[in-house]
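**Q** Need a 3D model of the following:
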Amino acid sequence: MSGTAAPTGSAAPQCGEPLNQDAPEGEAPSPSVATPAPTGSAAPQCGEPATQDAPEGEAPPPEGRGWYSRGYLPHCDSSHVIQSLSYRLEDSLPIQVLARLQAESRREIADPKTRDIELRKRIEDYLDAGHGSCILREPQIAACIVDTWLHFDGKRYRLLEWVAMPNHCHVLIEPLPGVALATIVLSWKNYTARFINRFLTRTAQNGAEVHGQVWQREYWDRYIRTDQHLAAARHYIRMNPVKAGLVKTPEEWPWGSAGMGVKSDS
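**A** Predicted coordinates for the structure are as follows:
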């Protein structure tokens with residue numbers, strides 16, 4: 001699978017070329033050393049300011065950076081621990097909608113852990129409804145997203161499952177030693193943001209150059225704890241296009257691992 005090349009004379013790399021380590025769209029890279037998580041600390045809610053603490057009842061996986069934060073969502077980073085990752089387009093979830101979903105979940109659900117799970121579900125349902133520009137529907141952009149994930153498969157991580165939805169992405173990877181999880185995600189976002197802005201500039205009817213914010217600043221990650229958890233994560237990613245009403249079977253969606261013939265137990 002290959003993406004559409006950037007215009008002649010463009011500074012953007014081509015799909016499949018080495019990705020740099022720059023932080024995307026003006027973001028600063030996360031620190032290389034994280035603060036260990038104290039036990040018993042409460043989890044910040046999705047979208048709220050986060051501390052360095054682990055979510056309530058969670059322990060960091062072994063031999064990793066542990067829990068850390070760049071000021072928004074908490075992340076847990078460790079090599080050889082399978083991670084389920086999600087990130088979305090900047091315009092896919094307006095701030096006022098997120099605030100409403102947060103307020104509703106706080107009002108309706110008392111238990112913090114249950115509330116956080118339900119909030120994630122409501123956010124995913126909102127994204128699956130197809131809000132925002134949904135520019136990942138463009139075949140050239142979707143192909144570039146997938147090419148970017150495939151490029152470092154076996155070098156920086158093992159790529160297990162993936163899907164590029166119209167306004168967000170899900171990826172299941174096992175990071176390999178030597179590259180932080182945040183660096184991997186920032187590299188994806190930086191490269192694809194440049195490609196997307198180049199693509200939109202080429203296709204703009206008025207010929208205006210595009211330099212918009214493409215990706216939402218943070219990403220969501222959850223490390224896989226059990227074989228049952230792994231199976232559930234695989235199933236969710238593969239079935240997301242079906243759940244969103246885009247196709248009838250996961251194999252029909254060309255921008256996912258199921259559509260590329262990857263077996264769910266590989």
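**Q** count of neighbours near Glu104?
**A** Counted with other C-beta atoms under 10 Å, residues neighbouring Glu104 total 13. Glycine gets a C-beta too; all of them are placed from N, C-alpha and C.
**Q** In terms of helices and strands, where is it?
**A** Secondary structure here is read from DSSP states H and E; on that basis Glu104 sits in helix 95-108.
**Q** Skip ahead from that helix and say which helix or strand is next.
**A** Stepping forward along the backbone from helix 95-108, the first helix or strand reached (DSSP H and E) is helix 112-128.
**Q** what packs against that following helix?
**A** Using 3 or more C-beta pairs under 8 Å, 6 or more residues apart in numbering; DSSP states H and E as the contact criterion, the neighbours of helix 112-128 among helices and strands are helix 95-108.
**Q** so the helix it packs on versus helix 112-128, what angle?
**A** On the basis of axes from the mean of the first three to the mean of the last three C-alpha atoms, to 10 degrees, helix 95-108 is oriented at 140 degrees to helix 112-128.
**Q** returning to that earlier point: show me what the helix holding Glu104 is packed up against.
**A** With contacts defined as 3+ C-beta pairs under 8 Å, 6+ apart, the secondary structure elements packing on helix 95-108 are helix 112-128.
**Q** For the helix it packs on, list every residue counted as buried.
**A** Buried residues in helix 112-128, counting neighbours by 16 or more other C-beta atoms under 10 Å, are found at 112, 115-116, 118-120, 122-124, 126-128.
**Q** Do I have it right that Tyr223 meets Leu85?
**A** No - the pair Tyr223 / Leu85 is not scored as a contact, 10.1 Å apart, by C-beta atoms under 8 Å.
**Q** quick one: pLDDT of Thr226?
**A** Reading off the confidence values, Thr226 has pLDDT 94.
**Q** so how far is Ala232 from it?
**A** Counting by C-beta to C-beta, to the nearest Å, the separation of Thr226 from Ala232 is 9 Å.
**Q** What is the most widely separated pair among the buried residues of helix 112-128?
**A** Of all pairs drawn from those, the greatest distance, 24.7 Å, lies between Pro112 and Asp128 (C-beta to C-beta).
**Q** need the longest helix for the protein.
**A** helix 181-203 (DSSP state H).
**Q** which among the buried residues of helix 112-128 gets closest to Cys134?
**A** Leu127 (9.9 Å).
**Q** Quick check: the closest one vs Phe152, distance?
**A** When distance is defined by C-beta to C-beta, Leu127 is 25 Å away from Phe152.
**Q** Could you do Asp128 as well?
**A** Distance check for Asp128 against Phe152: by C-beta to C-beta, it reads 28 Å.
**Q** cool, Val171 as well?
**A** Val171 sits 12 Å away from Phe152, going by C-beta to C-beta.
**Q** cool, Trp255 as well?
**A** From Trp255 across to Phe152, the span is 18 Å (C-beta to C-beta).
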